[in-house]
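In: I'd like to go over a predicted model; first the sequence, then the structure.
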Amino acid sequence: MRDCRIAYFSMELALKTNIPTYSGGLGVLAGDTIRSAADLGVPLLAVTLLHRKGYLYQRLDAEGNQTEEPVEWVVEDFLTETPARVSVTIGGRQVAVRAWRYDVKGVTGSTVPVFLLDTDLPENDEQDRELTNRLYGGDTRYRFSQEIVLGIGGVRMLRALGCENVQRFHMNEGHAALLTLELLDEEARRAGRERLVREDIDKVREMCVFTTHTPVPAGHDQFPLDMVAELLGPHDIFRELKGEFSLDVMHQVLKVKDHGFDTGKIPAEGEALNMTYLALNLSGYVNGVAKRHGELSRLMFAGYHVEAITNGVHAATWVSEPFGKLYDESIPGWREDNFSLRSALAIPNDRLWAAHAEAKETLLQRVNRETNVGMDVAHLTLGFARRATGYKRADLLFSDMDRLARIVAERGPIQIVYAGKAHPKDETGKELIRRIFRAMEALKGRIKIAYLANYDMALGLLMTSGVDIWLNTPQPPNEASGTSGMKAALNGVPSLSVLDGWWIEGCIEGITGWSIGRDGVTGNIQDSTRDADDLYAKLEKTVLPWFYDDRNRFINVMRHTVALNGSFFNTQRMVQQYVVNAYL
């Protein structure tokens, strides 16, 4: 562990399905990053929080009403407690922190250690014992306290574990930005000074890497300055940065009408600490997660240099068993060299389709067992599984249900599998789920629709490998990247998606899938009516005819989906870019 040169900090991190320390895309991406770092032998370690109650266990009733429960799991079954102890000051109280370890082993035998921070210790007050329990739970005080534990406590824990050789601290989103304050204090203490000087800031910037993941204003944490002062105490850096981290700056930047943002009230000067701006000011390398997201981030964060490294997924994790066997036979070494998936162009149609049919049958068996909807393996199956929130527009397909039913009657049957959780406080997201359930009832007898509860890594693999088409309909330009379509691509499942996020780079029309609408970042907010019209047209005139009447043409799209998108949009390529561009 003394050889670990890179420390990767993330509020959520998906290690495996049964360890509920993730909510969705951000955590799964972090887990895939760690897995590829292990495969490549990158000298990296990871720091996150131990979420004893997980994110949420989702229950859905017959009308689609979501209720949430804590996730029950036994920490000791998966993790090993380390003897190290550190403390952080929160609101004047000393809060003890311990770390649990999980080792991620790579395909070549290398290991990336992951440390999960935990405040559930008997020496802590009852309120402090619960600080690390819930992912994205509680109020703003709870969230900021968690970020103190992650950022400041995380750096201190690494020192207690003997990790003195870390040269880069990678913040996966702004949740970990307080680690910069601990690094600044270390520099001052190392020089025997009580106050910061400009050289300290320069040194910390050289050490820090920051990845921003969202163009949605709500995705950037901000905390009232009076609460920050109460919980964290004063710090020299706030004077040094002269207010550049405050929320009002970001909101004014986001008031760019050409990009369709409507951020509402602009707070008064200095009203809140914006964690994104704190990370931006103290990082030597900053990147967005797709090429267009990088462009948009440079507009959002005027004056900051923002690069772009497009997201990926861990190929060996997201390839289904049937496709894994197919690749082992046809493309030996694909796990070690994901780019070799380009050779999928030589896989015969019958073998590609047989692997897909096996994965599809596995998914539909679960769908029928859990929902009794009676889906047919011969019917075109669409999949949609994302966090249930308004801008994802999961119900766009049902904008004109009569037209959709007519297309199905004339062109051939379709069936749709949905999944996705809404945040407990996201009423818009919860209503979105209810709308899908109402569409399910309205289309009963004409289109088979299922909504599977508790979307997690295991269900994600079943869905992205088992459907025929991956559907994605976000409201541009809100999709920074997205990765579910990348998982589908590894299993030969083409995307039918709005041109936003990664799909701007991955879509070759009629070759790797199909686009909906036009490039969503070149004008104002896309009109949902126009997008729905284009979605229906693609289904009616291209996707359904190819699937039912020109199967070889459809399989050719599947083949190119693997060869072009699967071989590139993976975390093996992504981590290599981070090593070259950010870490070195």
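Out: In hand now; what should we look at?

In: Tell me where the longest helix sits in the chain.
Out: helix 349-371 (DSSP state H).

In: following that helix, which helix or strand comes up?
Out: strand 380-385 (DSSP states H and E).

In: For that following strand, output the C-alpha coordinates as PDB.
Out: Taking C-alpha atoms only, strand 380-385 is exported to PDB below (Å, rounded to 0.1, in the frame of the first residue of the first chain):
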ATOM      1  CA  LEU A 380     -39.000  -6.600 -29.900                       C
ATOM      2  CA  THR A 381     -38.100  -5.600 -26.300                       C
ATOM      3  CA  LEU A 382     -37.100  -2.100 -25.300                       C
ATOM      4  CA  GLY A 383     -35.200  -1.400 -22.100                       C
ATOM      5  CA  PHE A 384     -35.100   1.800 -20.000                       C
ATOM      6  CA  ALA A 385     -33.400   1.800 -16.600                       C
END
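
In: What strands flank it, and is each parallel or antiparallel?
Out: As defined by DSSP bridges, the strand partners of strand 380-385 come to strand 414-419 (parallel), strand 469-472 (parallel).

In: Pull out the buried positions in it.
Out: Judged by neighbour count using 16 or more other C-beta atoms under 10 Å, the buried positions of strand 380-385 are L380, T381, L382, G383, F384, A385. For glycine as for every other residue, the C-beta is placed from the backbone atoms N, C-alpha and C.

In: show me the contacts for the fourth one.
Out: Translated: G383. I416, V417, M463, T464, G466, V467, I469, W470, L471, A488, V493 (C-beta atoms under 8 Å, 6 or more residues apart in numbering).

In: how about a cut-off of 6 Å?
Out: V417, M463, V467, W470 (C-beta atoms under 6 Å, 6 or more residues apart in numbering).

In: Ok, L363 next?
Out: Contacts of L363 (C-beta under 6 Å, 6+ apart): L462, G466.

In: repeat that with 7 Å
Out: Taking C-beta atoms under 7 Å, 6 or more residues apart in numbering, we find L363 in contact with L462, M463, G466, V467.

In: Could you export these to JSON lines, including columns for secondary structure and distance to R403?
Out: Shown next, in JSON lines, are these (DSSP: H, G, I helix; E, B strand; the rest coil; distance: C-beta to C-beta, whole Å):
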{"residue": "L462", "secondary structure": "helix", "distance to R403": "30"}
{"residue": "M463", "secondary structure": "helix", "distance to R403": "26"}
{"residue": "G466", "secondary structure": "helix", "distance to R403": "27"}
{"residue": "V467", "secondary structure": "coil", "distance to R403": "22"}
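
In: closest to G138 among these?
Out: Taking C-beta to C-beta as the measure, G138 sits nearest to M463 out of those, at 30.3 Å.

In: Let's see the pLDDT reported for that closest one.
Out: We have a pLDDT of 98 for M463.

In: what's the answer for E240, then?
Out: pLDDT, read off for E240, is 65.

In: next one: E244
Out: 49.

In: swap in N565?
Out: Reported pLDDT for N565: 98.

In: How about L254?
Out: Looking at L254, its pLDDT reads 31.

In: now A272
Out: 82.

In: just the one 10 residues further on next, same as before
Out: Confidence per residue is given as pLDDT, and for L282 that number is 94.

In: next one: the one 3 residues further on
Out: Model confidence at Y285, expressed as pLDDT, equals 98.

In: Mind pulling the model confidence for A191?
Out: 88.

In: Kindly give a single ChimeraX line that selects the buried subset of the contacts of L363.
Out: To isolate the buried subset of these in ChimeraX, counting by 16+ other C-beta under 10 Å, use the following:
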select :462,463,466,467
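
In: could the contacts of L363 go into a markdown table alongside distance to V562?
Out: As requested, the contacts of L363 are arranged in a markdown table below (distance: C-beta to C-beta, whole Å):
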| residue | distance to V562 |
| --- | --- |
| L462 | 18 |
| M463 | 17 |
| G466 | 15 |
| V467 | 15 |
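
In: Out of the contacts of L363, flag the one nearest to R205.
Out: Of the contacts of L363, the one sitting nearest to R205 (C-beta to C-beta) turns out to be M463, at 41.5 Å.

In: wait, that closest one sits on A385?
Out: Yes: using C-beta atoms under 7 Å, M463 is in contact with A385, at 5.2 Å.

In: what is in contact with the two at once?
Out: Common neighbours of M463 and A385, counting by C-beta under 7 Å, 6+ apart, are A419.

In: before we move on, back to that, taking the contacts of G383 together, which two end up most distant?
Out: V417 and W470 (10.6 Å).

In: if we can go back for a sec, so which pair among the buried residues of strand 380-385 is furthest apart in space?
Out: L380 and A385 (17.1 Å).

In: can you list the weak-confidence ranges in the stretch 201-350 of the chain?
Out: Along the stretch 201-350 of the chain, segments meeting pLDDT under 70 span 218, 238-270.

In: mind listing the helices for it?
Out: Remark: helices assigned in the stretch 201-350 of the chain by DSSP state H, counting those that start in this stretch are 225-232, 236-240, 247-254, 275-281, 291-300, 315-318, 321-330, 349-371.
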